[in-house]
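S.K.: I would like the atomic coordinates for the input below:
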Amino acid sequence: MSPAGPGPDRRHGSSGRPVVLAIDGGGSKTDIVAVTLEGNVLLRSRGGGSNPQVLGLDRSLATIRGLADDALAAIDGRPLLQTSLYLSGMDLPAEIEDFASAISGDGWATGVDGQRPVVENDLFALLRAGTDHPDAVAVVCGTGINAIGVRADGRTARFPALGMISGDWGGGGHLGAWALWHAARSEDGRGEKTLLQDLIPRSYDVATVMDVIENLHFGRVPARSVIDLAPVLFEASALGDPVATSVVDRQAEEIVVMAVTALRRLDLLASEVPVILGGSVLAADDSRLMSRIETMLEREAPAAWTHLVTAPPILGAALLALEAVGAGDAALALAREEIESPALDPEPGRSRPTPGRSAAAGGLRTGG
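M.R.: Predicted coordinates for the structure are as follows:
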């Protein structure tokens, strides 16, 4: 992989079909695809995380520049029309401006006719992966939680999504921390008894919650491992544990609060609007969590409907990049088919060039 830096400018090749680059970056992985205007995926590659809030701007840039330079090398000779980046951690205008400024001189970031790169929050990629409806809301509940709403007239509703300091509640890290909090209080007698007292030590292969606490405190296990306790919480809830169930219900409530607030701010509460759901916590498709979301959303916004997205967010990033340069429905459908193919899902740190196909497939499939 190329070292960090602007990299060579290969935008102006004249042979071969023009391409777009689409990048989706999160806390643990970053995906990039190169797609022709006909929708053929020429290359798909994956690297490490690139969330600048978590890793810092320099490390984020190093990951993305390496992937982008390798992609350009693989498609050398083809004109690059557009680069679109959708990254977690792009929550405030200043963060977007800083990142866009940092890549403004990079050859891979600007199209042949001077098109500026798109730099946006990864929620836009999730939203587009789930629907092409002009009025829509997306809620992501993965490591953290965030939401966005869009209207056909261009209005948007956004949230800072900076954790508890910005009023957020939930996500895998938060759920895991609450699960451990309840387990600790169950074991030492300060709180209500819960199955989490037994399930959490078992998940760490130790005897007691206190063993877990000490191992976390002394750094014997990584602090980030608390995120992995979210599935343990769902397991306890499925077994009928009232403590775990109360936390799951609170998560459902927060997801609906974000969706309904976005709808309200956009004057869409009474409209038929898809609410796109994504992220690792929601992708687990826990029956109680999902049923509670459906019930509460129907009460607050009866015309809205939910759609759980399991397709990779890089799909939405690619569709948005193609739409930015005027690609048609047939190209979007082919790109969707190829990106959703399990055979093209790359291993971390590896590129997967893919043969193009001359025929487009069907019409655009959308969620909702």
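S.K.: how much space between residue 315 and residue 339?
M.R.: 5 Å (CB to CB, to the nearest Å). Any C-beta I mention is one placed from the backbone N, CA and C, and that applies to glycine too.
S.K.: could you find the closest non-adjacent residue to residue 140?
M.R.: Of all residues not flanking residue 140 in the chain, residue 279 sits nearest, at 4.1 Å (CB to CB, 6 or more residues apart in numbering).
S.K.: show me the contacts for the one you found.
M.R.: Neighbouring residues of residue 279 by CB atoms under 8 Å, 6 or more residues apart in numbering: 126, 140-143, 145, 171.
S.K.: distance of residue 234 from residue 337?
M.R.: Distance from residue 234 to residue 337, by CB to CB: 32 Å.
S.K.: who has more neighbours out of these two?
M.R.: Taking neighbours as other CB atoms under 10 Å, residue 234 and residue 337 compare with residue 234 leading, 24 against 16.
S.K.: surely the more buried one touches residue 248?
M.R.: Yes: proximity of residue 234 to residue 248 meets the contact threshold set by CB atoms under 8 Å, at 6.7 Å.
S.K.: now do the SS call for residue 140.
M.R.: State at residue 140, reduced to three classes by DSSP: H, G, I helix; E, B strand; the rest coil: strand.
S.K.: need the residues that contact stretch 265-278.
M.R.: For stretch 265-278, contacts defined as CB under 8 Å, 6+ apart pick out 126-127, 129-131, 133, 135-142, 149-151, 155-157, 255, 259-260, 263, 293, 297, 300-301, 303-309, 313, 367-368.
S.K.: so which of those are in helices?
M.R.: 126-127, 129-130, 255, 259-260, 263, 293, 297, 300, 313 (DSSP state H).
S.K.: for residue 121, give me phi and psi.
M.R.: Main-chain torsions, residue 121, degrees, to the nearest 10: phi -70, psi 150.
S.K.: wait, I meant residue 31
M.R.: Residue torsions, per degrees, to the nearest 10, at residue 31 are phi -110, psi 150.
S.K.: and stretch 146-162, how far out from the chain middle?
M.R.: Chain-centre distance of stretch 146-162: 15 Å, with CA atoms, centre = their mean, to the nearest Å.
S.K.: ok, stretch 71-80 next?
M.R.: Averaging C-alpha positions (CA atoms, centre = their mean) puts stretch 71-80 26 Å from its chain's average.
S.K.: kindly report the same for stretch 274-285.
M.R.: 10 Å.
S.K.: what comes up buried for it?
M.R.: The neighbour-count check on stretch 274-285 (16 or more other CB atoms under 10 Å) flags 274-282 as buried.
S.K.: so what's residue 107 scoring on pLDDT?
M.R.: In the predicted model, residue 107 carries a pLDDT score of 88.
S.K.: no wait, residue 367
M.R.: We have a pLDDT of 32 for residue 367.
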